[in-house]
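**Student:** I would like the atomic coordinates for the input below:
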Amino acid sequence: MITAQFPAARLRRTRATEWSRSLHRETVLTPADLIWPVFVTEGEGVEQPIAALPGVSRWSVDLLVQRAREAMELGIPCLALFPNTQPERRSEDGAEALNPDNLMCRALRAIRDELGDGIGLLTDVALDPYTSHGQDGLIDDEGYVVNDRTVEALVGQSLNQARAGADIIAPSDMMDGRIAAIRSALEGEGHINVQIMSYAAKYASAYYGPFRDAVGSRGLLKGNKKTYQMDPANTEEALREVAMDLAEGADTVMVKPGLPYLDVLRRVKERFEVPVFAYQVSGEYALIEAGVAAGVADRDAMVLETLLAFKRAGASGVLTYHAVHAAKLLNG
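**Tutor:** A predicted model of the protein is given here:
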């Protein structure tokens, strides 16, 4: 509490020079705070720009290895991998998720073979990149996403990715009980150091559209995901979700989307005092790029200020498509 009064107390004194502002800065952002989400596609020497995400591409496995090396050299500690599965490999039950030679597994092995443990590899666990209906889980005759059978499939998917070299399993499906089932399966198979970063508070958001283009599921999605992703109106429910996932064995938790849900991020951090990550999702990225294209935003300033906001709110790190750009800025 401030006891001195003006002019004895002048809060602008410490803001008067750059060295002083640096000295008194409460929140620090570095490349080590960033996780870079990347999209992998079939082929060799393939780069496919994603129209809905200007500046973001899908890469074939060989080029993705190069991107991983670039990230490592910039000081980005982890990649988050998402596959663009070919339509003919999608099915009602998402069986391709269990294929040990699927696109995700090949990418994991290629990066691990080239870079060893030099960079962390996070893998998405959900069935939407593999289902013909675009839902994150298995559906019944009425189109409802069933919980327990989906969890069984997610366990198989998680083990498949762990065997291929994943460091962090990140379930994004929002099924009940999946963290406990995945943790038990990982322990049972000896993957004791594979982390689980749970998408614990994932909202049924309007900000995901460009991502669905990137993984090829937008035109496939039948219905919506509101029976399992959270209602944007709820915060107390988010705390219950986080508490359950931590009790079931999650090492870290995530709030998604990011900037529109900083209040949730802050409440989670203050309540549980655990590592909390934020996902600056595709719609957030696209809005910044649209502002830059319209001439009403400075990309460098917007990117760094937004990422700093996540850290200030309590995030241990941020998944962001601007990771490489931000790392270059932060490295000078």
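**Student:** Okay, and A71 sits in which element?
**Tutor:** Using DSSP states H and E, A71 sits within helix 61-74.
**Student:** buried stuff in that helix?
**Tutor:** Under the neighbour-count criterion of 16 or more other CB atoms under 10 Å, helix 61-74 has V61, L63, L64, V65, R67, A68, A71, M72, L74 buried. All C-beta atoms are positioned from the backbone trio N, CA, C, and that covers glycine.
**Student:** As CSV, the residues you listed with distance to R178 and pLDDT would be great.
**Tutor:** What follows is those, written out as CSV (distance: CB to CB, whole Å; pLDDT from 0 to 100):
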residue, distance to R178, pLDDT
V61, 28, 98
L63, 32, 98
L64, 27, 98
V65, 30, 98
R67, 29, 98
A68, 27, 98
A71, 28, 98
M72, 30, 98
L74, 33, 98
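**Student:** So, low pLDDT: which residues of the protein?
**Tutor:** Applying pLDDT under 70 to the chain picks out residues 2.
**Student:** mind listing the strands for it?
**Tutor:** For the chain, the strands defined by DSSP state E cover 34-41, 47-49, 57-60, 78-83, 120-125, 168-171, 195-202, 252-256, 276-280, 317-320.
**Student:** Let me have those strands in a markdown table, extended by distance to M104 and mean neighbour count.
**Tutor:** What follows is those, written out as a markdown table (distance: least, CB to CB, whole Å; neighbours: other CB atoms under 10 Å):
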| stretch | distance to M104 | mean neighbour count |
| --- | --- | --- |
| strand 34-41 | 7 | 24 |
| strand 47-49 | 17 | 13 |
| strand 57-60 | 13 | 20 |
| strand 78-83 | 5 | 23 |
| strand 120-125 | 6 | 23 |
| strand 168-171 | 12 | 26 |
| strand 195-202 | 16 | 25 |
| strand 252-256 | 19 | 25 |
| strand 276-280 | 18 | 27 |
| strand 317-320 | 17 | 24 |
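**Student:** Quick check: which of those strands is nearest to R12?
**Tutor:** In terms of CB to CB, the element of the strands of the chain nearest to R12 is strand 317-320, at 30.3 Å.
**Student:** helices or strands next to the closest one in the packing?
**Tutor:** strand 34-41, strand 276-280, helix 299-313 (3 or more CB pairs under 8 Å, 6 or more residues apart in numbering; DSSP states H and E).
**Student:** Nearest to N147 among the strands of the chain would be which one?
**Tutor:** strand 168-171 (12.8 Å).
**Student:** Turn the helices and strands packed on strand 317-320 into TSV, including distance to L98.
**Tutor:** Putting those into TSV (distance: least, CB to CB, whole Å) gives the following:
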stretch	distance to L98
strand 34-41	18
strand 276-280	25
helix 299-313	34
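**Student:** Between these, which one is closest to I179.
**Tutor:** strand 276-280 (15.1 Å).
**Student:** related to what we said a few turns ago, and D113, which of the strands of the chain is closest to it?
**Tutor:** Of all the strands of the chain, strand 120-125 comes closest under CB to CB, at 11.9 Å.
**Student:** Could you tell me how far that closest one lies from the centre of the chain?
**Tutor:** Remark: strand 120-125 is offset 9 Å from the chain centroid, using CA atoms, centre = their mean, to the nearest Å.
**Student:** One more: stretch 93-101?
**Tutor:** Stretch 93-101 sits 21 Å away from the centroid of its parent chain (CA atoms, centre = their mean).
**Student:** Ends of it, what's the gap?
**Tutor:** For stretch 93-101, the first and last residues are 17 Å from each other (CA to CA, to the nearest Å).
**Student:** Pull out the buried residues from it.
**Tutor:** D93, G94, A95, E96, A97.
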